[in-house]
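Peer 1: for reference, the sequence and a predicted model appear below.
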Amino acid sequence: MQLIYTFCLYTVVYVLNGVICLHGEEEYSYSEYPHSLMEKEECGRENSDKPIYVCDPNRILKNEDARQLDVLIETVMNETKCHCSADVCSQPSPPGYRISVALLKKMKLPEERGTDDQIDDDLKLILNEASTFAYQLLKKWKLGRCTDDVLIFYSVMDGVIYTVTGDEAGKRLDRYTIADISMLRRPDLMQDVFKGLRFIVSDYKSVFLGIYKPLPRQKMPPKYQAVVGGTQNVQYSTLLVTVLTIVIALLSTKF
């Protein structure tokens, strides 16, 4: 049976972070990035004796912080309902939505980069690479049972956080909700990566439980916003892509 996977949503927030001490100098392409369930050591989680949902090869998080995120993600799986077919939902596994987190220091980008006068081109390049990276990881990891998975991708030095959902998860966690949550949690993420991710995962859990109460939407200057759509075919799946891009340049601009 051919697998048809619909990636219905990507939301990206571009941020400029302070100084963070990271291990190693590695840059990753999506093909080089480790698998969260199969390569614990490469994900920086070799000390975990349980399944991991946070892959952190550059050890951006402390071990205990990564473990706490794993535990929080497990509560999402255990406390939310199954939205797959009856056959799948009857299986003895956690019923709910699957969230995973992919962290890295920096993406491996093409060598041709814009100059200081071409910041818009550089932003587009980073956002395009982040979108490719995120949906390729979601497809590679296959953590969902019926496209009920969510992947949160964060590249620290590139300053981009990107959320991609499978089709089933996207029915609940829509683009506007992700945009609201991303804007709301941006200051937390900039201050403390663990704190920001914990809030984002908790907010997504509230959405899936139907108890999330959105705050008034924050407005951004039009030049920092873009919406892009498109379709891409892969060997064994069809990707229907709708991209919502929110670019926040934390320079001298005041919101």
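Peer 2: In hand now; what should we look at? Fair warning: this is a prediction, and the values are worked out from it, not measured in the lab.
Peer 1: tell me, how many neighbours does Ser136 end up with?
Peer 2: One thing to correct before we go on: residue 136 is Gln, not Ser. By other Cβ atoms under 10 Å, 18 other residues sit near Gln136. The way it works is simple: take the backbone N, C-alpha and C, and place the C-beta from them, glycine included.
Peer 1: got the CA positions of stretch 80-87 in PDB?
Peer 2: This file holds the C-alpha atoms of stretch 80-87, laid out as PDB (Å, rounded to 0.1, in the frame of the first residue of the first chain):
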ATOM      1  CA  THR A  80      -4.600  13.000  24.000                       C
ATOM      2  CA  LYS A  81      -7.000  10.900  22.000                       C
ATOM      3  CA  CYS A  82      -6.300   8.700  19.000                       C
ATOM      4  CA  HIS A  83      -7.500  10.100  15.700                       C
ATOM      5  CA  CYS A  84      -6.400   7.200  13.500                       C
ATOM      6  CA  SER A  85      -8.500   4.300  12.200                       C
ATOM      7  CA  ALA A  86     -10.200   1.900  14.600                       C
ATOM      8  CA  ASP A  87      -7.600  -0.800  13.800                       C
END
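Peer 1: would you mind listing the buried residues in that stretch?
Peer 2: By neighbour count on 16 or more other Cβ atoms under 10 Å, the buried set for stretch 80-87 is Thr80, Cys82, His83, Cys84.
Peer 1: in JSON lines, list these along with secondary structure and distance to Ser131.
Peer 2: Shown next, in JSON lines, are the buried residues of stretch 80-87 (DSSP: H, G, I helix; E, B strand; the rest coil; distance: Cβ to Cβ, whole Å):
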{"residue": "Thr80", "secondary structure": "coil", "distance to Ser131": "26"}
{"residue": "Cys82", "secondary structure": "coil", "distance to Ser131": "28"}
{"residue": "His83", "secondary structure": "coil", "distance to Ser131": "25"}
{"residue": "Cys84", "secondary structure": "coil", "distance to Ser131": "26"}
